[in-house]
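1. Sequence first, then the predicted structure:
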Amino acid sequence: MNKIKVFAPASIANMGCGFDIIGMALDEVGDVLEISIEDGDGLTIENETNVPLPADPEENVVTPVIRKFMEMTGKKAKVGIRILKKIYPGSGIGSSAASCAAAAFGINELFDHILTEEELVVCAMEGENLASGGYHADNAAPAVMGGIVLIRGYEPLDLIKLPVPGNLYCAVIHPHMIVSTKEARSILPQQVPLHNAIRQWGNVGGLVAGLYSSDISLIGRSMQDYVAEPYRKQFIPGFDTLRKNILQAGAQAMNISGSGPSVFAVANHFEPARKAENLMKRHFEAMGIEYETFVVKVSNKGTRVIY
Ligand code: HSE
């Protein structure tokens with residue numbers, strides 16, 4: 001086999017309280033890449049979508065992923081990547097991670113599964129570093145592995161797949177505004193006051209407990225973020241009002257997805273998730289901001305071969 005087509009899902013990083021350490025894969029939304037190998041050396045990338053991507057391969061996130069794969073395996077090949085479907089970059093639902101996961105998974109398939117899933121996450125993180133200036137795995141790990149993944153530690157990487165409650169629904173809106181992950185990371189203070197750290201790790205524990213007990217209410221009240229959201233919500237006009245309305249309408253939580261500008265709400269049924277989606281639409285429509293929305297379940301499926 002020297003050619004393969006793969007799908008990698010979108011993902012929501014942080015899940016509120018889990019800055020850089022928890023992320024979840026979404027159903028249906030994602031990137032599609034075709035990857036081929038032949039004898040030789042080098043990498044060509046063709047963008048067949050109408051989403052603008054850097055023309056210089058050195059600026060494309062898949063380049064460091066393929067390089068890392070070759071370095072880790074000692075393999076050599078002339079690699080061709082065709083990007084066939086692309087989540088809009090800068091949307092906050094793991095656009096770069098989906099491409100990175102697809103590239104890592106696809107090349108690994110073509111070389112007969114030489115690397116483990118965890119090693120594929122290491123490759124994918126190289127692309128994430130290029131995109132955001134940081135080695136975080138909270139999009140890359142769920143994109144590769146599916147489901148909800150806890151990154152218990154980075155040195156060494158320790159990935160733990162958490163259970164996904166069957167009734168965990170997400171409403172997501174991607175307002176068409178630009179928030180660069182690099183900037184959204186650079187505005188965060190390097191120190192967290194102890195009283196906020198206490199609240200945050202209480203919430204991370206509550207979130208994990210809620211996932212194990214399928215308690216969506218516990219999950220929701222644990223998702224409050226005291227570390228990143230207070231600084232990042234300024235990028236999302238009317239964030240507090242939108243959240244108040246969404247919680248009143250029956251959703252369990254609303255947070256920034258990754259570094260934004262997408263926001264997401266979680267609910268224990270399809271209906272409150274749909275209501276949250278409608279409120280999100282009205283909120284951004286009133287400000288004349290274009291968007292796309294979707295209501296999805298969290299997916300246990302990660303990156304996979306498609307035909
Ligand atoms: N955890 C990262 C952040 C995710 O919040 O900056 C970026 O998508």
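-> Cool, got the structure. Numbers count the residues shown, from 1 in each chain.

2. Strands of the stretch 51-200 of the chain, start to end?
-> Counting by DSSP state E, counting those that start in this stretch, the stretch 51-200 of the chain has these strands, from start to end: 78-85, 148-154, 157-162, 169-175.

3. Among those, show me which one is buried the most.
-> Across those, the average number of neighbours (mean count of other CB atoms under 10 Å) peaks for strand 169-175, which reaches a mean of 25. C-beta coordinates here come from the backbone N, C-alpha and C atoms, glycine included.

4. can you tell me if it touches the ligand.
-> No - between strand 169-175 and the ligand, judged by CB under 6 Å from any ligand atom, nothing touches; the nearest distance is 12.8 Å.

5. Show me what that strand is packed up against.
-> Counting contacts by 3 or more CB pairs under 8 Å, 6 or more residues apart in numbering; DSSP states H and E, strand 169-175 packs against strand 22-38, strand 263-267, helix 270-286, strand 291-297.

6. Would you reformat those as TSV and include distance to the ligand and mean neighbour count?
-> Formatted as TSV, the helices and strands packed on strand 169-175 follow (distance: least, CB to the nearest ligand atom, whole Å; neighbours: other CB atoms under 10 Å):
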stretch	distance to the ligand	mean neighbour count
strand 22-38	7	23
strand 263-267	12	28
helix 270-286	19	19
strand 291-297	17	18
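
7. Show me what from this structure comes close to the ligand.
-> Looking at the ligand, the residues of the chain close enough under CB under 6 Å from any ligand atom are 13-14, 19-20, 132, 136, 138-139, 181, 184-185, 228, 258-259.

8. mind saving the C-alpha coords of stretch 146-158 as CSV?
-> Below are the C-alpha coordinates for stretch 146-158, written out as CSV (Å, rounded to 0.1, in the frame of the first residue of the first chain):
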residue,chain,number,x,y,z
GLY,A,146,-10.7,9.7,20.0
GLY,A,147,-12.8,10.2,23.2
ILE,A,148,-11.7,12.3,26.1
VAL,A,149,-8.0,12.2,26.9
LEU,A,150,-6.3,13.4,30.1
ILE,A,151,-2.7,14.3,29.8
ARG,A,152,-1.6,13.4,33.3
GLY,A,153,2.0,14.5,32.5
TYR,A,154,4.1,15.8,29.6
GLU,A,155,7.6,14.6,30.8
PRO,A,156,7.2,11.8,30.1
LEU,A,157,4.0,12.0,28.2
ASP,A,158,1.3,10.1,30.1
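
9. residue in the stretch 1-150 of the chain nearest to the ligand?
-> A13 (3.7 Å; CB to the nearest ligand atom).

10. rewinding a little: could I get the strands of the stretch 51-200 of the chain in JSON lines, plus columns for mean pLDDT?
-> Converted to JSON lines, these look like this (pLDDT from 0 to 100):
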{"stretch": "strand 78-85", "mean pLDDT": "96"}
{"stretch": "strand 148-154", "mean pLDDT": "98"}
{"stretch": "strand 157-162", "mean pLDDT": "97"}
{"stretch": "strand 169-175", "mean pLDDT": "96"}
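
11. mind putting the ones you listed in JSON lines, distance to E277 included?
-> Below are these laid out as JSON lines (distance: least, CB to CB, whole Å):
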{"stretch": "strand 78-85", "distance to E277": "22"}
{"stretch": "strand 148-154", "distance to E277": "21"}
{"stretch": "strand 157-162", "distance to E277": "25"}
{"stretch": "strand 169-175", "distance to E277": "4"}
